[in-house]
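>>> no sequence for this one, just the structure:
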């Protein structure tokens, strides 16, 4: 665990009774920083549920970090973390169903453009949930509350109705190939980004 250093100014507040979580205690340490990044200020937030669990044990504390020039009030900043459950599922959906990380794009600009399309496609699926005719696979049961995955599975009916503004492709013969005398330029290469350091596998042979 990386240790944080800096100021020791502390703010605290207690929320008497939350509708779902009960009594909440929120504490905040201001203007902290990591040992090797003194120029980046971090606010450390501690969220505690005062009501114990059903077995009598206390709930584990929730530690949050806030990075930014403006800090939200303690009454609301801790509550912003609760929607993360849905956000995590959205990231999983766009990776697995919308193939966010599948293309091997060449430039950072192309990667950013592809990433910008993910929220747009998600909104299209959300808006089309009442327009599609559900396409149920043999092992699935019909449902009225379609998930984004079910909508994507049934989008063919909508695409057939609205058509496409693109023109029909023209038939061509044999491609003329690369133009004679045209200079070929090598595509730019970028360094490989490694997520972790590969560990050397241990040899299974016995040394005598």
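Yes, it's here. This structure is a prediction, so every number in the text was calculated from the model and none was measured.
>>> following element in sequence after the longest helix anywhere in the chain, please.
The longest helix of the chain (DSSP state H) is helix 108-127. Under the assignment DSSP states H and E, the closest C-terminal helix or strand after helix 108-127 is helix 148-153.
>>> and the following helix or strand past that next one, what's its mean pLDDT?
For helix 148-153, the succeeding helix or strand toward the C-terminus, using DSSP H and E, is helix 156-162. What helix 156-162 shows for mean pLDDT is 85.
>>> contacts for helix 156-162 next, please.
Contacts with helix 156-162, where a contact means Cβ atoms under 8 Å, 6 or more residues apart in numbering, come from 128, 131-133, 135. All C-beta spots, glycine's among them, are computed from the backbone N, C-alpha and C.
>>> mind listing the strands for the chain?
4-6, 10-18, 22-34, 37-49, 62-66 (DSSP state E).
>>> quick one: buried residues of the longest helix of the chain?
Buried residues in helix 108-127, counted by 16 or more other Cβ atoms under 10 Å: 118, 122, 125.
>>> and if you look at stretch 163-178?
Buried residues in stretch 163-178 (16+ other Cβ under 10 Å): none.
>>> between the two ends of it, how far is it?
Terminal residues of stretch 163-178 are spaced 34 Å apart (Cα to Cα, to the nearest Å).
>>> what's residue 72 in contact with, if anything?
66, 80.
>>> change it to 10 Å
43, 66, 78-80 (Cβ atoms under 10 Å, 6 or more residues apart in numbering).
>>> what residue lies at the spatial centre of the chain?
Centroid check for the chain by Cα atoms, centre = their mean gives residue 91 as the closest residue, at 3.7 Å.
>>> Serialize the buried residues of helix 108-127 to a markdown table and add fields for pLDDT.
Formatted as a markdown table, those follow (pLDDT from 0 to 100):
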| residue | pLDDT |
| --- | --- |
| 118 | 95 |
| 122 | 93 |
| 125 | 92 |
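>>> closest to residue 85 among those residues?
residue 122 (16.3 Å; Cβ to Cβ).
>>> alright, I will stop here.
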